[in-house]
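1. Using only what follows, build the 3D model:
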Amino acid sequence: MIASSQPLVHIHNVTKTFKRGAEEIHVLSGLDLEVMDAEFLALMGPSGSGKSTLLNLIGGLDRPTAGNVRIGADRVDQLSDRQLAAWRARHIGFVFQFYNLLPALSAERNVELPLLLTGLNQAARRQHVATALEAVGLTHRAKHFPRTLSGGEQQRVGIARAIVTDPTVLLCDEPTGDLDRKSGDEILALLQSLNKDYGKTLIMVTHDPHASARASRTVYLDKGQLSANPVA
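-> Okay, here's the model as predicted:
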């Protein structure tokens, strides 16, 4: 699927400052970013550069100190806490480095968790779960628990959980950081497929140039600012 010419994610003049005692730590400084609909964007930069902070602002897990964050028609920074929770459940899918699966639940039950925040009945939830597991190639492991799955399989469950609500944007924070190269390549190929075949908009934080090469565009974050060129 070819990316549309319309921007989906708009970050305008965003500043993020944290306080540590009397000290102010400036993480993002007047940052601007647009991500196109159905784009696969990689976000790189040194540790502590603010990559995860930016991802959290896009996903509505945090609020900017100044500036605005818009996803589609929604000004995310202006939503109340209750509105944000409902907005995230509908529009954002998160993929984490360490999977964040609940060990007491099977793969299919882990995938079902985001659907419990929706009004879907049990039959509809099961259908959505089956579709998501099929998309990541894990239908045959639906009844298995995380401890019986490989790292790559656990990450596939994490991706299925992220896409089960058909979100507007997938936010991936070092999705291959805990995997060997072979498993990591399989996860990257899956993310590429979600982007190209299903038109999903992906934003991926990574330290790995091998991973960023799978994206359609890479931007670099350092000292609170973005650049199209690698950080020196």
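2. Where does pLDDT dip in this protein?
-> Applying pLDDT under 70 to the chain flags residues 1-5, 231-232.
3. Kindly recompute the last result at 50.
-> In the predicted model of the chain, residues 1-3 satisfy pLDDT under 50.
4. where along it do the helices fall?
-> Ranges of helices within the chain are 51-58, 81-91, 107-112, 122-135, 151-163, 181-196, 209-212, based on DSSP state H.
5. Of all the ones you listed, which one is nearest residue 70?
-> helix 51-58 (10.0 Å; C-beta to C-beta). All C-beta spots, glycine's among them, are computed from the backbone N, C-alpha and C.
6. Could you name the helices and strands sitting against that closest one?
-> Of the remaining helices and strands, those touching helix 51-58 by 3 or more C-beta pairs under 8 Å, 6 or more residues apart in numbering; DSSP states H and E are strand 7-20, strand 23-36, strand 40-44, strand 66-71, strand 169-173, strand 201-205.
7. can you tell me which of the ones you listed comes nearest to residue 159?
-> Here strand 169-173 is closest among the helices and strands packed on helix 51-58 (C-beta to C-beta), at 8.1 Å.
8. picking up where we left off before, distance to residue 59 and mean neighbour count added to the helices and strands packed on helix 51-58, as a markdown table?
-> Formatted as a markdown table, the helices and strands packed on helix 51-58 follow (distance: least, C-beta to C-beta, whole Å; neighbours: other C-beta atoms under 10 Å):
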| stretch | distance to residue 59 | mean neighbour count |
| --- | --- | --- |
| strand 7-20 | 10 | 16 |
| strand 23-36 | 13 | 16 |
| strand 40-44 | 13 | 23 |
| strand 66-71 | 9 | 18 |
| strand 169-173 | 5 | 23 |
| strand 201-205 | 9 | 24 |
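9. Reformat these as TSV; add distance to residue 147.
-> Output for those, formatted as TSV (distance: least, C-beta to C-beta, whole Å):
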stretch	distance to residue 147
strand 7-20	36
strand 23-36	36
strand 40-44	31
strand 66-71	36
strand 169-173	23
strand 201-205	27
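10. Nearest to residue 106, out of these?
-> strand 169-173 (22.8 Å).
11. Off-centre distance for the closest one?
-> Distance, stretch centre to chain centre, for strand 169-173: 1 Å (C-alpha atoms, centre = their mean, to the nearest Å).
12. swap in stretch 115-128?
-> 22 Å.
13. Give me the buried stretch members for stretch 45-62, please.
-> For stretch 45-62, burial by neighbour count (16 or more other C-beta atoms under 10 Å) applies to 45, 49-60, 62.
14. Perfect, I'm done here.
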